[in-house]
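Q: need a structure here:
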Amino acid sequence: MDWFDSLSLIDGPLPVIVGVAGVLGGVWLLVSRSRLYMTRGLPIAATAAVVVTVIGYLIVEKVWRPLPDPIETSIYVWIGVGIASLFAVIPRSVAAHGVVGTLASVVAAVLVVAVSALNINLKFEAYPTVGTALGVEPASRIQFSDVPGAVSRTVTGTPLDSVWTSPAGMPSAGRITSAAIPATASNFSARDAQIYLPPAYFSDPRPLLPVLVLLAGQPGDPEDWLNGGKLAETMDNFARDHAGLAPVVVVADGTGSPIDNPLCVDSPLGNVDTYLSRDVPDWIDSALQVDPNRAHWAIGGLSYGGTCSIQMATNHPDVYPTFLDLSGQTEPSLGDRDRTIREAFGGNAAAFAAVNPLDLLKSRQYPESAGIFVVGSDDNDYKPGQQEMYDAAKAAGMDVQYVEVPGGHSFAVWSEGLRRELPWLATRTGLIS
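A: Next up is the predicted model:
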């Protein structure tokens, strides 16, 4: 079934086939010879879907507000289309009469829901294949207990590739694993981290590799970097061109749940700052055999994770002197500054400014830090903020770059951003020359 799992949900024949099938399903639900269905059943189903969708919109965007930025209207439209198809199943089945008509109505609704889900996914490209959408585990995944322990012979040097020769028997690809990182200092309730170990990590002697801590968005999950982020593919391709060398990547949890927004600070919402600046590095040092030199460590992330990466870089430059900010914001936010300061900082604006990256960049100098700001060329919501952060970081003495990648606020940009900037990251962290 590997062929099925590898089918693309972004391009190729499958999206076209599902789209055509969805249109046919929609036609079945929209057209009937039953006057009662056309004058009552269908309008009631459509009206109910609109009401439910609008109520959902008001709850999410006006009351709950779990996300720092509004969800695009097109997403709600597709959600509404899917809900309408489900509401239409029963009246359309009654109008069709018989088992065949009922089955056709159910299949039609499923197809319309599939098209809705497909179009929402096309917006973010979070699930590039059928396998990622179904949660199929990659063949490269191993249990953390199966990760080889420390070896006595290690290889060090800067750049590392100048003193490294890949030994016989080294794996041709890296491995994915996961582990719970204890929140010893922070007491933050984090989900398991996802970890990429390159082929060279499984060698003896073992090169002491640099570390990249990655963060997902919000809403999000550390596994997002394995799915839409194409982390293993990107790292394996790099390792293949560099004798098995690539950074050890730890995708840490920066939110605690898919929808929580603890702002990557220490606050009543959760001590994420301490978790990422102390607990995660301490665990990496103790559980993985890597380069202990923090000058060879980096942090990066997408959207919320991008904001978090510049937060870590400005608040803890000794831990993360290198960062990759992919479509981050100008500041941590719960939707607006007043709400952010009220709920996370007890109304203390000075406490917010004391950890806010833009304020820190205006008041401090960071001559030893370097980073790259990446944003989609069509991402008009985030592009101005990334440009502002780049200018502020440059003025603060950081060695920074601003890069635009074709696309919007999606994994197409974030996966490509990581792939493009990985050579720079590897050079900066002492892996290659």
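Q: where along the stretch 251-400 of the chain do the strands fall?
A: Taking DSSP state E, counting those that start in this stretch, the strands of the stretch 251-400 of the chain run over residues 266-267, 270-271, 297-302, 322-326, 370-376, 399-405.
Q: which one of those strands lies closest to residue 157?
A: For residue 157, the closest of these is strand 297-302, at 16.9 Å, according to Cβ to Cβ. Every residue, glycine included, has its C-beta placed from N, CA and C.
Q: picking up where we left off before, as CSV, the strands of the stretch 251-400 of the chain with mean pLDDT and distance to residue 40 would be great.
A: Output for those, formatted as CSV (pLDDT from 0 to 100; distance: least, Cβ to Cβ, whole Å):
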stretch, mean pLDDT, distance to residue 40
strand 266-267, 98, 52
strand 270-271, 98, 50
strand 297-302, 98, 47
strand 322-326, 98, 50
strand 370-376, 98, 45
strand 399-405, 98, 50
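Q: with residue 184 as the reference, name the closest of those strands.
A: That would be strand 270-271 among the strands of the stretch 251-400 of the chain, by Cβ to Cβ, at 11.2 Å.
Q: which among the strands of the stretch 251-400 of the chain is found nearest to residue 56?
A: Residue 56 lies closest, by Cβ to Cβ, to one member of the strands of the stretch 251-400 of the chain: strand 297-302, at 25.1 Å.
Q: direction included, what does that closest one pair against?
A: strand 211-215 (parallel), strand 322-326 (parallel) (DSSP bridges).
Q: give me the residues contacting the first one.
A: When contacts are defined by Cβ atoms under 8 Å, 6 or more residues apart in numbering, strand 211-215 is touched by residues 225, 229, 231, 247-252, 254, 276, 280, 284, 288, 290-291, 296-302, 304-306, 308-309, 320, 425, 429.
Q: sitting in helices, which of the residues you listed do you find?
A: Residues of the contacts of strand 211-215 located in helices (DSSP state H): 231, 280, 284, 304-306, 308-309, 425.
Q: quick revisit: can you list the strands of the stretch 251-400 of the chain in a markdown table and add distance to residue 121 and mean neighbour count?
A: What follows is these, written out as a markdown table (distance: least, Cβ to Cβ, whole Å; neighbours: other Cβ atoms under 10 Å):
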| stretch | distance to residue 121 | mean neighbour count |
| --- | --- | --- |
| strand 266-267 | 33 | 20 |
| strand 270-271 | 29 | 24 |
| strand 297-302 | 16 | 30 |
| strand 322-326 | 19 | 30 |
| strand 370-376 | 17 | 26 |
| strand 399-405 | 19 | 18 |
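Q: could you check how far the nearest residue to residue 351 once chain neighbours are set aside is from residue 81?
A: Distance criterion Cβ to Cβ, 6 or more residues apart in numbering; nearest residue to residue 351, sequence neighbours excluded, is residue 345 at 4.5 Å. Distance, residue 345 to residue 81, using Cβ to Cβ, to the nearest Å: 40 Å.
Q: ok so, going back, of the strands paired with strand 297-302, which is nearest residue 235?
A: That would be, of the strands paired with strand 297-302 and by Cβ to Cβ, strand 211-215, which comes in at 9.1 Å.
Q: next up, the contacts around the closest residue to residue 421 other than its chain neighbours.
A: Among residues not flanking residue 421 along the chain, residue 372 sits closest, at 5.2 Å (Cβ to Cβ, 6+ apart). By Cβ under 8 Å, 6+ apart, the contact set of residue 372 is 323-325, 400-403, 421, 424.
Q: rerun that using 6 Å as the cut-off
A: The contact partners of residue 372, taken as Cβ atoms under 6 Å, 6 or more residues apart in numbering, are 324, 401, 403, 421.
Q: could you do residue 322 as well?
A: Residues in contact with residue 322 (Cβ under 6 Å, 6+ apart) are 298, 370, 428.
Q: residue 274 now?
A: Counted by Cβ under 6 Å, 6+ apart, residue 274 has contacts 185-186, 266.
Q: tabulate these in JSON lines, adding columns for distance to residue 106.
A: Formatted as JSON lines, these follow (distance: Cβ to Cβ, whole Å):
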{"residue": "185", "distance to residue 106": "53"}
{"residue": "186", "distance to residue 106": "48"}
{"residue": "266", "distance to residue 106": "50"}
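Q: and the contacts of stretch 67-82?
A: Residues outside stretch 67-82 that contact it (Cβ under 6 Å, 6+ apart): 49, 53, 57, 61, 113, 116, 119-120, 333, 335.
Q: out of those residues, who's nearest residue 173?
A: residue 120 (31.3 Å).
Q: got a markdown table for the contacts of residue 372, with distance to residue 97 too?
A: A markdown table is the format used below for these (distance: Cβ to Cβ, whole Å):
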| residue | distance to residue 97 |
| --- | --- |
| 324 | 60 |
| 401 | 65 |
| 403 | 60 |
| 421 | 60 |
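Q: helix or strand for residue 105, which one?
A: helix 98-124 (DSSP states H and E).
Q: run the chain-centre distance for the helix or strand where residue 195 lies.
A: Following DSSP H and E, one finds residue 195 within strand 193-197. The chain centre lies 14 Å from the centre of strand 193-197; the measure is Cα atoms, centre = their mean, to the nearest Å.
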